[in-house]
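Below are the sequence and a predicted model for it; my questions follow.
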Amino acid sequence: MMLVGGQSVAEFLSSVLPAPGNSRLEDEFQRPLVTLTFAQSLDGKIAGKEGKQLILSGRESMLMTHWMRTKHDAILVGIGRHIPEDERPSHLPRPVILDANLRLRPDCKLLKNYRERKGRRPWVICDANLTSDGGRKAALEDAGARVIGVPSVDGFIMIPDLLKVLYNFGIKTLMVEGGATIIDSFLAEPARTKPNIIIVTIAPTLIGDNGVGYGKKLSATQIPSLKHIRTEVMGRDVVIVSALE
């Protein structure tokens with residue numbers, strides 16, 4: 001197994017990820033522990049033109065990400081993101097798709113894999129008002145999804161309500177993988193609903209003007225204060241771990 005600063009990947013992650021059951025946020029606010037993680041280029045881009053998903057991480061940091069997934073109950077991504085199907089060393093986390101307008105296709109690969117018993121049942125989070133939309137909701141549920149309604153404002157799911165709903169459904173640790181809108185939404189939240197840990201992989205590559213960045217929608221008062229936890233070189237990449245102060 002790959003070593004990180006003399007440790008195994010599992011040991012590295014255990015040293016930086018908070019353990020469930022030891023957080024005031026869990027008990028007081030009824031929410032999961034949240035790990036926000038993403039890979040970016042040197043010029044701060046996380047996706048290509050029009051949000052096209054890019055493979056930015058190298059082999060070593062990608063392996064770290066695979067192991068990180070196994071240490072969470074669920075993975076949250078946006079409607080346009082793909083949850084990789086590559087090697088998964090052990091525990092299979094629940095896929096959770098943030099899809100306010102129920103745009104997910106019933107014939108998507110994620111649902112196909114579930115029907116073929118190659119993955120866990122996906123949960124689709126939508127605007128609570130759409131749970132009465134018998135057509136789209138029924139089509140996704142017939143394809144195998146579990147559709148869960150959460151309040152939204154101006155088409156955006158409310159993060160505090162989302163976290164509470166997931167907690168009530170048994171999700172105690174949540175890994176958030178983006179894209180840009182989700183990253184900004186979590187960073188803009190009040191302290192009680194911000195991520196516990198932020199893990200950023202920086203790849204030695206440039207994307208340019210066609211790339212998509214993050215943080216542009218955050219006001220000066222929303223930018224969180226971070227405490228550095230650890231920095232490691234993994235192959236060609238640099239992985240930075242921070243906690244919110």
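Yep, that arrived.

Show me what the residue positioned nearest the centre of the chain is bridged to.
The centroid of the chain falls nearest to Val176 when counting by Cα atoms, centre = their mean (1.6 Å). Beta-bridge partners recorded for Val176 (DSSP bridges): Leu36, Leu76.

where do the helices sit along this structure?
According to DSSP state H, the chain carries its helices in the segments 9-16, 24-29, 59-70, 109-115, 134-142, 159-168, 180-187.

I'd like these laid out as TSV, including mean pLDDT.
Formatted as TSV, these follow (pLDDT from 0 to 100):
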stretch	mean pLDDT
helix 9-16	88
helix 24-29	63
helix 59-70	92
helix 109-115	92
helix 134-142	90
helix 159-168	94
helix 180-187	89
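
Would you convert these into CSV that also reports distance to Thr205?
For the C-beta atoms, the positions are set from N, CA and C on the backbone; glycine is no exception. CSV is the format used below for the helices of the chain (distance: least, Cβ to Cβ, whole Å):
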stretch, distance to Thr205
helix 9-16, 23
helix 24-29, 35
helix 59-70, 13
helix 109-115, 27
helix 134-142, 36
helix 159-168, 30
helix 180-187, 18
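
okay if I get those as TSV plus distance to Ala39 and mean neighbour count?
Listed next are these as TSV, based on distance: least, Cβ to Cβ, whole Å; neighbours: other Cβ atoms under 10 Å:
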stretch	distance to Ala39	mean neighbour count
helix 9-16	16	17
helix 24-29	26	13
helix 59-70	7	20
helix 109-115	21	17
helix 134-142	29	14
helix 159-168	22	19
helix 180-187	12	20
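
can you tell me which of the ones you listed comes nearest to Leu76?
With Cβ to Cβ as the measure, helix 180-187 is the member of the helices of the chain nearest Leu76 (7.2 Å).

one step back: out of the helices of the chain, the one nearest Ser225 is which?
Set against Ser225 and scored by Cβ to Cβ, the helices of the chain come closest in helix 180-187, at 11.3 Å.

list the helices and strands that closest one packs on?
strand 33-40, strand 74-78, strand 173-176 (3 or more Cβ pairs under 8 Å, 6 or more residues apart in numbering; DSSP states H and E).

looking at these, which is closest to Lys194?
Proximity to Lys194 (Cβ to Cβ) singles out strand 33-40 among these, at 7.7 Å.

from the chain's centre, how far out does stretch 114-128 sit?
Per Cα atoms, centre = their mean, to the nearest Å, the displacement of stretch 114-128 from the mean C-alpha position of its chain is 15 Å.

And it, end to end?
The separation between the terminal residues of stretch 114-128, taken as Cα to Cα, to the nearest Å, is 24 Å.

which intervals of the chain have sub-threshold pLDDT?
For the chain, applying pLDDT under 70 flags the ranges 1-6, 21-28, 80, 82-90, 133.
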